[in-house]
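Chemist: Give me the fold of what follows.
(chains A and B)
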Protein chains: 2
Amino acid sequence: MTSKAFQDFYPDDLSHCYGCGRLNDHGLQIKSCWEGDEAVCTYKPRAYHTAIPGYVYGGLIASLIDCHSTGTASAAAYREAGREMGSAPALRFLTAALHVNYLKPTPLDATLEVRATVKEVKGRKVVVTSRLLAEGQVCATGEVVAVQVPEDLMPAAR
Amino acid sequence: MTSKAFQDFYPDDLSHCYGCGRLNDHGLQIKSCWEGDEAVCTYKPRAYHTAIPGYVYGGLIASLIDCHSTGTASAAAYREAGREMGSAPALRFLTAALHVNYLKPTPLDATLEVRATVKEVKGRKVVVTSRLLAEGQVCATGEVVAVQVPEDLMPAAR
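Modeler: Okay, here's the model as predicted:
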């Protein structure tokens, strides 16, 4: 358990993701932390992240759920292995499947919170479920099947 | 059937979406057209739309599938109603559920193509399935349940 964000432990060559890479200047640079058994990420949408006027664009919601869930998968895999977060070799995850249910329009001027729970850790696969909240209301729910990045796709191997 | 993009028929006050609004200068500004019974959208990712180096960020793929599918839902609803695309009142759709399966890493330097098929039109609901291709390979598949924007959320009503 730590208050440093999961993404801050990613090695530099795995920190360019548009959603969660701290080295992607154009990206969302989300940060995820444990809060008990939930992993939490907050994000303030920019004005241009709009769908219909006043509401958040669904692709942003999908992106937040996606990257927060792969980050949570990484943290869960370290925890499961009894390893220090960020220790080498890196445990980094890709999304195999993403499912988002949009329950109600998400106000654009709110700070969004994604709260994720680890549903399953099995071999290289981690399943993460989540809720996206705005102003205390659940506006969307998500489920991500995350799979550990195969060795041949890791930058160090290429 | 027309070669003008679905999104070019959206009224101005519904054209600010980050994914598909022609009036969102920061956004993706995707364009979708019929090609027979399939709706097609092509998009060239920007260099910063990366996940692990060399591959497309999953949130972009989700966003393309999302907005292309709601655009296709709109076009399908006009077609179903025997109405001219873009005629008032506007038929504009939101996403109720989004499901994406990521089948293989999507190369960042390719032009992506999303090909969508209308699976069902029922009342205010349209279900759209799609494939995302890069270099002739299907890299992801999607299914979107799109629902017509309720009147009270339409800008004209607020």
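Chemist: Do a quick rundown of the helices in chain A.
Modeler: Using DSSP state H, the helices of chain A run over A:58-81.
Chemist: okay, and for chain A, where does confidence drop off?
Modeler: For chain A, the stretches flagged by pLDDT under 70 are A:1-2, A:157-158.
Chemist: tell me the centre residue of it?
Modeler: The centre of chain A sits closest to A:His68, judged by Cα atoms, centre = their mean, with a distance of 1.0 Å.
Chemist: Do I have it right that it meets A:Cys41?
Modeler: Yes: A:His68 lies in contact with A:Cys41 (Cβ atoms under 8 Å); the separation is 4.3 Å. C-beta here means a position set from N, CA and C on the backbone, and glycine is covered the same way.
Chemist: who touches both of these two?
Modeler: A:Ile30, A:Ser32, A:Val114, A:Ala116 (Cβ atoms under 8 Å, 6 or more residues apart in numbering or on different chains).
Chemist: show me the contacts for the residue lying farthest from the centre of chain A.
Modeler: Ranked by distance from the centre of chain A (Cα atoms, centre = their mean), the top residue is A:Pro53, with 25.8 Å. With contact taken as Cβ under 8 Å, 6+ apart, A:Pro53 is in contact with B:Asp13, B:His16, B:Pro155.
Chemist: most neighbours, which of those?
Modeler: In terms of neighbours by other Cβ atoms under 10 Å in any protein chain shown, the contacts of A:Pro53 top out with B:His16 at 23 neighbours.
Chemist: Confirm for me that that one is in contact with B:Asp25.
Modeler: No: look at B:His16 against B:Asp25 with Cβ under 8 Å: they stay out of range, at 9.9 Å.
Chemist: OK, contacts around A:Val100?
Modeler: A:Gly58, A:Ile61, A:Ala62, A:Ile65, A:Ala140, A:Thr141, A:Gly142, B:Ala62, B:Thr95, B:Ala97, B:Leu98, B:His99.
Chemist: Spatially, which two of these are the most separated?
Modeler: Using Cβ to Cβ, the two most remote members of the contacts of A:Val100 are A:Thr141 and B:Ala62, lying 14.9 Å apart.
Chemist: ok, these two, which is more surrounded?
Modeler: Between A:Thr141 and B:Ala62, counted using other Cβ under 10 Å, B:Ala62 has the larger neighbour count: 30 against 16.
Chemist: What's the local residue count around the nearest residue to A:Gln29 once chain neighbours are set aside?
Modeler: Nearest residue to A:Gln29 in three dimensions, chain neighbours excluded: A:Arg22, at 5.9 Å (Cβ to Cβ, 6 or more residues apart in numbering or on different chains). If you count neighbours by other Cβ under 10 Å, A:Arg22 ends up with 17.
Chemist: unless I'm mixing things up, A:Arg22 is touching A:Ser15, no?
Modeler: Yes: look at A:Arg22 against A:Ser15 with Cβ under 8 Å: they come within range, at 5.2 Å.
Chemist: Need the overlap of contacts for these two.
Modeler: With Cβ under 8 Å, 6+ apart, A:Arg22 and A:Ser15 have common neighbours A:Gln7.
Chemist: A:Ala77 and A:Ala90 touch, don't they?
Modeler: No: look at A:Ala77 against A:Ala90 with Cβ under 8 Å: they stay out of range, at 10.2 Å.
Chemist: list the contacts for A:Gln7?
Modeler: A:Ser15, A:Cys20, A:Gly21, A:Arg22, A:Gln29, A:Ile30, A:Lys31, A:Ser32, A:Gly71.
Chemist: A:Asp12 versus the fourth one, what's the distance?
Modeler: Remark: distance between A:Arg22 and A:Asp12 (Cβ to Cβ, to the nearest Å) = 9 Å.
Chemist: Just the buried residues from the contacts of A:Val100, in ChimeraX please.
Modeler: Buried residues within these, by 16 or more other Cβ atoms under 10 Å in any protein chain shown, are selected in ChimeraX with:
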select /A:58,61,62,65,140,141,142 /B:62,95,97,98,99
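Chemist: Just send the contacts of A:Val100 back as JSON lines, with distance to A:Gln148 too.
Modeler: Shown next, in JSON lines, are the contacts of A:Val100 (distance: Cβ to Cβ, whole Å):
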{"residue": "A:Gly58", "distance to A:Gln148": "28"}
{"residue": "A:Ile61", "distance to A:Gln148": "25"}
{"residue": "A:Ala62", "distance to A:Gln148": "21"}
{"residue": "A:Ile65", "distance to A:Gln148": "19"}
{"residue": "A:Ala140", "distance to A:Gln148": "26"}
{"residue": "A:Thr141", "distance to A:Gln148": "24"}
{"residue": "A:Gly142", "distance to A:Gln148": "19"}
{"residue": "B:Ala62", "distance to A:Gln148": "20"}
{"residue": "B:Thr95", "distance to A:Gln148": "29"}
{"residue": "B:Ala97", "distance to A:Gln148": "27"}
{"residue": "B:Leu98", "distance to A:Gln148": "24"}
{"residue": "B:His99", "distance to A:Gln148": "22"}
